[in-house]
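[1] Give me the fold of what follows.
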Amino acid sequence: MALSYKSRRRWALIILLIGLPLYIVVALNVVALFDRPGILLELVIYLGLGILWAIPFRFIFKGIGQAEPDAEKK
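    Numbers count the residues shown, from 1 in each chain. Have a look, this model is predicted:
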């Protein structure tokens with residue numbers, strides 16, 4: 001089932017405003033459960049988690065920054 005351009009924009013906004021802050025809180029709490037690793041390892045962990053959250057939502061974010069495909073050109 002393909003989402004329309006407008007629904008993809010709405011879902012992208014919801015994901016960025018609600019989902020991403022929740023993911024950040026969860027990631028920080030999970031990392032805090034362990035002893036603090038070295039600074040480079042901690043950087044790699046946070047970079048990996050920063051990329052990992054977006055992978056399931058690739059299809060929603062694809063093409064959002066472009067003009068609406070069905071919009072009339074004036």
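
[2] Would you check how far apart the residue nearest in space to the middle of the chain and residue 63 are?
    With distances taken as C-alpha atoms, centre = their mean, the residue of the chain nearest its centroid is residue 54 (3.8 Å). Distance of residue 54 to residue 63, computed by C-beta to C-beta, to the nearest Å: 15 Å. Using the backbone N, CA and C atoms, a C-beta is placed for each residue, glycine as well.

[3] Could you point out which residue ranges in the chain have low pLDDT?
    Within the chain, the ranges that satisfy pLDDT under 70 run 1, 72-74.

[4] Show me the helices in it, by range?
    Along the chain, counting by DSSP state H, helices occupy 5-14, 20-32, 39-52, 58-61.

[5] Dump those helices into CSV; add distance to residue 67 as well.
    What follows is the helices of the chain, written out as CSV (distance: least, C-beta to C-beta, whole Å):
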stretch, distance to residue 67
helix 5-14, 10
helix 20-32, 25
helix 39-52, 27
helix 58-61, 16
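
[6] Those: which one's closest to residue 68?
    Ranking the helices of the chain by proximity to residue 68 (C-beta to C-beta) places helix 5-14 first, at 5.3 Å.

[7] Can you name every helix or strand that the closest one contacts?
    In this structure, helix 5-14 makes packing contacts with helix 58-61, judged by 3 or more C-beta pairs under 8 Å, 6 or more residues apart in numbering; DSSP states H and E.

[8] State the distance from the residue nearest to the centre of the chain to residue 70.
    According to C-beta to C-beta, residue 54 stands 26 Å off from residue 70.

[9] what sits against residue 67?
    By C-beta atoms under 8 Å, 6 or more residues apart in numbering, no residues touch residue 67.
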